[in-house]
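Student: Need a 3D model of the sequence below.
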Amino acid sequence: MTSPAGPPPTGGGSEQQRVRLLAVTACPTGIAHTYMAAEKLAQAAASRGIDMKVETQGSIGAENVLDDNDVSNADGIIVAADKDVDLGRFVGKRVLTVGVAEAIHHPERLLEQVRSAPVHAAGANPAAWLSGGGKERSVGYKALMNGVSYMIPFVVVGGLLIAISLSLGGHTDPSGGLVIPKDSFWMDINNIGVIGFTLMVPILSGYIAYAIGDRPALVPGMIGGWIANTGSLYDSKAGAGFIGAIVTGFLAGYLVLWIKKVKVPKFVQPIMPIIVIPILATTVLGLFFIYVIGKPISWVFEHLTDWLSGMTGTSAILLGAILGLMIAFDMGGPVNKTAFLFGAGLIATGNQTVMGMCAAAIPVMPLGQGLATLIRNRLYTEQERETGLAALFMGCFGISEGAIPFAAARPAQVIPANMLGGAVAGAVAGVAGVEDAVPHGGPIVAVLGAVSGVPMFFVAVLIGTAVTALTTVTLVDISERRRKGAAPTPGLGVIEPGAAGPLEPALVGVGTGAAAGGAAGAVVAQRIVASSSAPATEAAPAGASKAADLDAGAGAGAGAGSGADADAEAGTEADMTAGAETGASAEAEGLPRAAPDREVLSGYLTEQTVKVALDARDKEAAVREMAQLLARSGKVADVDELVATALRREAQGTTGLGEEIAIPHAKTDAVTAPVVGFARSAEGVEWGSLDGTKARLVFMISVPEAAAGDEHLRILALLSRKLMDPGFRERLLAAPDERAVLDVLSEIR
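Tutor: This is a model prediction of the structure:
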């Protein structure tokens, strides 16, 4: 834990000496807020005669990294982050930990607070002390997202390898089951996939624990997750699954924190984090789960199986609905396995209808969650959409675990939606008398001829999938709207997505996020701020400027399509349109064009793509107008697709950065080369900025998918930094025509 300290450690000396401060800024998506916070802190420090160096941990990696010499001479460190930041290098220094929004809105306050912040001690909890008001996400949320983000690759790799091995090497066996020959190549592929699935649960648990208790919590978290998933250790046919892993992860993390508080002799302190804490926490947690939690779990599911056995004579609709609810509840966990084993056990008795109900429900969760990412992709981050595609593939092969990342990230929305869809699929299969001769589910068993009543089997799966997808997007949309309305932040208010992301817990990585509604926009702003910190009058090499612009563009595009809700998306589209139209109208009106040497942002923004009077009055119209403006450059191949992509990005979170600024952006092959547009609105466009200001300065950035990964980010970074300068904004607003606007924008280096 951090602890109060006496006089702040300084580089040596008196109050007369110039104060030296350090900072680290990091937001979940690492695009805009990271850099906005860095710029705000740097500006506030410069105005007070304070030396400050800021490390930014953005999506293109850590920049301006703090070295040992920086830390040793620092009087204090401000960590403005909405994700985990390793504080081990700051031991013995005053460390103030806040959310990234606090640095954007109240940098002056942080410069004062850091002087009396607690001194960071070895092994202290990274989230132990926070300045009020600045934290956007709770410790529990960030811990969950941390676990989910590390788990996702294991789910995807394991699930896809199993699916591939089943599709290419599997067949139905006359004795029952969907099998792969033991000595075949595909069995080896299947075994590798099984290892990935086996590791999935302990990874989730371990990294939840790590986010709470740091490295000493990693081992107890992982071993606890393995125990939770291995039912044989506590006489259960099915382990506790991913839900049990979440429990063990939090238990391990907070157990380690509690052990850290115990005072021990100095000679023992060095071995505490590497020997004593891991051994003690692992032993206590393991025995607690086996004897205290495990036994009741075993008892509950044994009696649940007996209860199901007594229902075989009841209505097929009711039994199918109950089995579907159970199959969908924890996707491979104990409840799921109880229903599955019940259905599989009846196959040998000649009753194949119960397994038919289970088989129809099994693929509904991954198929439904994957479909949700397609029909309302603005609600999901780019990582979530990629996970959704993998989930669709896994669903076709009856791998229900493909939906676990979504359920772990947003349990309150995803699990009820899964259960409703599973219940519908099971009930439809039950009333139709669908039969399954093998203990497996999903379309693959029908394709391989193990299902009777194939048409109704697919009807059941399709209906259940649709119910799951529609229910998910509805609940997620409602959750995001509530979160946005309940968490206004003064100033430049764009909330980072998940942290993970949109909605409540989003996949960060995940993840997590996960992205929350306003996060993406915030990220964009942050990134922009960072790149433009160089004085406007200071000329930079053209190559450097171009590289910076390119980086900015790519990053913003990466975020495209993660979106929040329909309204947010509409707003984004409007913004983007406005910008595009601005440039377009400039050319259409025959306004003078800048000479090639007057191009700014490495030529991506020219007088062609500048408009001093934005016609749009709402966000969606503004986005469309901006897209049309970009089209005047000749670099837009498909205006409609550009608008759609920008709106998907906007839905991830408003790109209204506050301070009357909006920067819609898109990464899409609708453009053939990077292009930037600027438009100005006299009345302002409502953009959803949390500081309540309407957007009067609208930039739109678009880069092709093939653009270098950092290109979009660098453009954003250049803009963000410069736009944090009030004088620069005033000159943009006062410029009388396109040529004058370009003169002001040429200050961006």
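Student: residue ranges of the helices in the stretch 101-250 of the chain, please?
Tutor: Counting by DSSP state H, counting those that start in this stretch, one finds helices in the stretch 101-250 of the chain at the ranges 107-113, 139-169, 185-213, 218-229, 241-260.
Student: Would you single out the least confident of those?
Tutor: The stretch with the lowest mean pLDDT among the helices of the stretch 101-250 of the chain is helix 139-169, at a mean of 79.
Student: and the angle from that helix to helix 241-260?
Tutor: Here helix 139-169 runs at an angle of 140 degrees relative to helix 241-260 (axes from the mean of the first three to the mean of the last three CA atoms, to 10 degrees).
Student: Mind giving me the packing neighbours of helix 139-169?
Tutor: With contacts taken as 3 or more CB pairs under 8 Å, 6 or more residues apart in numbering; DSSP states H and E, helix 139-169 sits against helix 185-213, helix 241-260, helix 382-396, helix 404-409, strand 511-514. In this view, the C-beta of every residue, glycine as well, is placed from N, C-alpha and C.
Student: sorry, back to before: in JSON lines, list the helices of the stretch 101-250 of the chain along with mean neighbour count and distance to Ser72.
Tutor: Listed next are these as JSON lines, based on neighbours: other CB atoms under 10 Å; distance: least, CB to CB, whole Å:
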{"stretch": "helix 107-113", "mean neighbour count": "19", "distance to Ser72": "20"}
{"stretch": "helix 139-169", "mean neighbour count": "24", "distance to Ser72": "29"}
{"stretch": "helix 185-213", "mean neighbour count": "23", "distance to Ser72": "27"}
{"stretch": "helix 218-229", "mean neighbour count": "28", "distance to Ser72": "28"}
{"stretch": "helix 241-260", "mean neighbour count": "25", "distance to Ser72": "25"}
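Student: so which of the ones you listed gets nearest Pro439?
Tutor: helix 139-169 (13.2 Å; CB to CB).
Student: now the angle between helix 382-396 and that closest one, please.
Tutor: Going by the same axes, to 10 degrees, helix 139-169 makes 40 degrees with helix 382-396.
Student: the inter-axis angle of helix 139-169 versus helix 218-229?
Tutor: In terms of direction (the same axes, to 10 degrees), helix 139-169 departs from helix 218-229 by 60 degrees.
Student: what about helix 139-169, distance to the chain center?
Tutor: Helix 139-169 sits 15 Å away from the centroid of its parent chain (CA atoms, centre = their mean, to the nearest Å).
Student: do stretch 315-324 as well
Tutor: Chain-centre distance of stretch 315-324: 36 Å, with CA atoms, centre = their mean.
Student: Can I get it as CSV, trimmed to CA atoms?
Tutor: What follows is stretch 315-324, C-alpha atoms only, in CSV (Å, rounded to 0.1, in the frame of the first residue of the first chain):
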residue,chain,number,x,y,z
SER,A,315,-44.0,-31.0,-21.5
ALA,A,316,-41.3,-31.0,-24.2
ILE,A,317,-41.6,-27.3,-24.5
LEU,A,318,-40.9,-26.7,-20.8
LEU,A,319,-38.1,-29.2,-20.6
GLY,A,320,-36.5,-27.8,-23.8
ALA,A,321,-36.7,-24.3,-22.4
ILE,A,322,-35.1,-25.3,-19.1
LEU,A,323,-32.3,-27.2,-20.8
GLY,A,324,-31.7,-24.3,-23.1
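Student: average model confidence for that stretch?
Tutor: The average pLDDT within stretch 315-324 is 86.
Student: One more: stretch 284-301?
Tutor: Averaging pLDDT along stretch 284-301 yields 81.
Student: I'd like to know which of the helices and strands packed on helix 139-169 lies nearest to Ile748.
Tutor: In terms of CB to CB, the element of these nearest to Ile748 is helix 382-396, at 26.9 Å.
Student: Give me the longest strand you can find in the chain.
Tutor: When the chain is scanned for its longest strand (criterion: DSSP state E), the result is strand 675-685.
Student: closest to Ala622 out of the helices and strands packed on helix 139-169?
Tutor: helix 382-396 (23.5 Å).
Student: Could you check how far stretch 448-458 is from the centre of its chain?
Tutor: 38 Å.
Student: for stretch 87-104, which positions count as buried?
Tutor: Using 16 or more other CB atoms under 10 Å as the test for burial, stretch 87-104 gives 87, 90, 93-104.
Student: Mind checking which of these land in strands?
Tutor: Checking the buried residues of stretch 87-104 against DSSP E, those in strands are Val95, Leu96, Thr97, Val98.
Student: all helices of the stretch 301-450 of the chain, in order?
Tutor: Residue ranges of the helices in the stretch 301-450 of the chain, as given by DSSP H, counting those that start in this stretch, are 316-330, 334-347, 353-361, 364-375, 382-396, 404-409, 411-432, 443-447.
Student: Least reliable of the ones you listed by average pLDDT, please.
Tutor: For the helices of the stretch 301-450 of the chain, where the average pLDDT is lowest is helix 334-347, sitting at a mean of 75.
Student: what is the orientation angle of that one with helix 241-260?
Tutor: Inter-element angle recorded for helix 334-347 and helix 241-260: 150 degrees (by the same axes, to 10 degrees).
Student: Which elements pack onto helix 334-347?
Tutor: Contacting helix 334-347 under the criterion 3+ CB pairs under 8 Å, 6+ apart are the following elements: helix 241-260, helix 295-309, helix 316-330, helix 353-361.
Student: what about stretch 88-103, distance to the chain center?
Tutor: What separates the centre of stretch 88-103 from the centre of its chain is 23 Å, taken as CA atoms, centre = their mean.
Student: what do you get for stretch 209-225?
Tutor: With CA atoms, centre = their mean as the basis, stretch 209-225 stands 21 Å off its chain's centre.
Student: wait, isn't Lys295 in contact with Ala240?
Tutor: No: contact criterion CB atoms under 8 Å: Lys295 and Ala240 do not qualify, at 12.0 Å.
Student: List the residues that contact Ile347.
Tutor: Residues near Ile347 by CB atoms under 8 Å, 6 or more residues apart in numbering: Gly176, Met355, Asp436, Ala437, Val438, Pro439.
Student: Turn those residues into a markdown table, including neighbour count and distance to Trp186.
Tutor: Formatted as a markdown table, those follow (neighbours: other CB atoms under 10 Å; distance: CB to CB, whole Å):
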| residue | neighbour count | distance to Trp186 |
| --- | --- | --- |
| Gly176 | 17 | 19 |
| Met355 | 31 | 24 |
| Asp436 | 28 | 22 |
| Ala437 | 21 | 21 |
| Val438 | 23 | 17 |
| Pro439 | 21 | 19 |
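Student: want to try TSV for those, with distance to Glu607 as columns?
Tutor: Shown next, in TSV, are the contacts of Ile347 (distance: CB to CB, whole Å):
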residue	distance to Glu607
Gly176	73
Met355	69
Asp436	67
Ala437	71
Val438	68
Pro439	68
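Student: Just the ones in strands from the residues you listed, please.
Tutor: Judged by DSSP E, strands contain the following of the contacts of Ile347: Asp436.
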